[in-house]
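Visitor: I need the structure of the sequence given here:
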Amino acid sequence: MSATQSVGFEIPETLVRLYKDMAVSPVMLLKNYALTYISGMIQKFDLENRSFEQKYHCTLSEFQARLDAMEDEEHFEWEDDVMDWEFAVENLRLWTQRKIETEAE
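Guide: Sure thing, here's the model as predicted:
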């Protein structure tokens with residue numbers, strides 16, 4: 001569902017002329033900017049996820065199963081890494097969803 005929101009600012013006339021010359025609208029520019037930002041976030045979290053996959057030679061779910069199988073053992077680096085890895089995977093999912101939503105607008 002799409003909602004339209006009015007923003008309380010004026011676009012200078014020089015920019016209005018430039019947008020017309022470029023055959024783009026301010027909304028299109030904002031959408032393109034948002035998609036560029038989102039793509040950067042996706043790349044960042046995808047790179048972090050792939051870095052952990054290379055470090056541990058498995059996926060996050062496989063690594064979590066490996067940690068769960070450890071009895072009476074503590075590996076602090078692994079536990080720290082799994083939290084960072086989960087954060088990266090969750091943000092990768094979040095930003096990918098935001099990209100889908102933004103492209104649909």
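Visitor: longest helix in the protein, please.
Guide: As assigned by DSSP state H, the longest helix anywhere in the chain is helix 26-56.
Visitor: which neighbouring elements make contact with it?
Guide: helix 13-22, helix 60-69, helix 76-104 (3 or more Cβ pairs under 8 Å, 6 or more residues apart in numbering; DSSP states H and E). The C-beta positions use only the backbone N, C-alpha and C, and glycine is treated the same way.
Visitor: what kind of secondary structure is the residue lying farthest from the centre of the chain in?
Guide: Centroid-distance maximum for the chain: Asp72 at 36.1 Å, with Cα atoms, centre = their mean. Three-state call for Asp72 (DSSP: H, G, I helix; E, B strand; the rest coil): coil.
Visitor: who touches it in this structure?
Guide: With contacts defined as Cβ atoms under 8 Å, 6 or more residues apart in numbering, Asp72 has no neighbours.
Visitor: now it: how far from Tyr56?
Guide: Noted for Asp72: a distance of 21 Å to Tyr56, by Cβ to Cβ, to the nearest Å.
Visitor: swap in Ile100?
Guide: On the measure of Cβ to Cβ, Ile100 and Tyr56 end up 29 Å apart.
Visitor: same deal with Glu74?
Guide: 17 Å.
Visitor: who has more neighbours, those two?
Guide: Tyr56 (16 against 7; other Cβ atoms under 10 Å).
Visitor: what lies in contact with stretch 93-100?
Guide: In contact with stretch 93-100 (Cβ under 8 Å, 6+ apart) are residues Leu35, Ile38, Ser39, Met41, Ile42, Phe45.
Visitor: now the buried members of those residues.
Guide: Using 16 or more other Cβ atoms under 10 Å as the burial test, these include Ile38, Met41, Ile42, Phe45 as buried.
Visitor: nearest residue to the middle of this structure?
Guide: Trp95 (3.0 Å).
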